[in-house]
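# Let's see this in three dimensions:
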Amino acid sequence: MGAYILRRLLLVIPTLVGIMIINFALTQFVPGGPIEQILAQLEGGGDVFEGISGGGSELVATTTPRNSLNYDEFHTLDVRASRIFELPNSELTAFIEISNVYNRENACCTEYSMSVNGAGESVLVTEPEQWLPLVPSIGVLWKF
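Numbering: from 1, shown residues only. Model (predicted):
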């Protein structure tokens, strides 16, 4: 009975690895999420899959990071000053940190919602969201 349970537990590892590989492949190579589908239908381009199947829309191949065609380049300047204090059997680090020193508004994502206009038509509303502005922080790190 113990050998049977051990075999079953050992089979869990390759099963999970196989599921993870299949999931990764599907999420990386299947085009168009639900938002892209809605946008394509509202713009009159049919669906996202028409670009692959020879329909009217066009696929754009890019070697840049994901969403680089939709958002500006992300950049920020972070500054940190710290002081280390050696204690018996431990080390204490005090620090002050300022993230996004020049307070650049970096776009991170877009919030999508559907609304109805005055003519009774459904309209997709997009609202770009920004990463955090200037963020100061003070802290202590104590390593034993």
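
# C-alpha from now on. contacts and neighbour counts both.
Fine.

# got a list of contacts for stretch 84-104?
75-83, 132-144 (C-alpha atoms under 8 Å, 6 or more residues apart in numbering).

# Distance from the chain centre to that stretch, please.
In terms of C-alpha atoms, centre = their mean, to the nearest Å, the centre of stretch 84-104 is found 28 Å from the chain centre.

# Quick one: end-to-end length of it, please.
Start and end residues of stretch 84-104 are separated by 31 Å (C-alpha to C-alpha, to the nearest Å).

# What residues of that stretch count as buried?
Glu97, Ile98, Ser99, Asn100, Arg104 (16 or more other C-alpha atoms under 10 Å).

# before we move on, what about stretch 106-114?
Result for stretch 106-114 [16+ other C-alpha under 10 Å]: buried residues Asn106, Ala107.

# Just name the shakiest helix or strand of the protein by mean pLDDT.
Across the helices and strands of the chain, mean pLDDT, DSSP states H and E gives its lowest value to helix 50-53, namely a mean of 48.

# Can you list the buried residues in the top helix by length along the chain?
Determined from DSSP state H, the single longest helix within the chain is helix 2-29. Using 16+ other C-alpha under 10 Å as the burial criterion, none of the residues of helix 2-29 qualify.

# Which elements pack onto that helix?
Helices and strands touching helix 2-29, by 3 or more C-alpha pairs under 8 Å, 6 or more residues apart in numbering; DSSP states H and E: there are none.

# domain parsing for this structure?
1-30, 33-61, 71-144 (automatic domain parsing).

# and these, which one is worst for confidence?
When the domains of the chain are ranked by mean pLDDT, domain 33-61 comes last with a mean of 57.

# who's in contact with Thr126?
Contacts of Thr126 by C-alpha under 8 Å, 6+ apart are Thr110, Glu111, Tyr112, Ser113.
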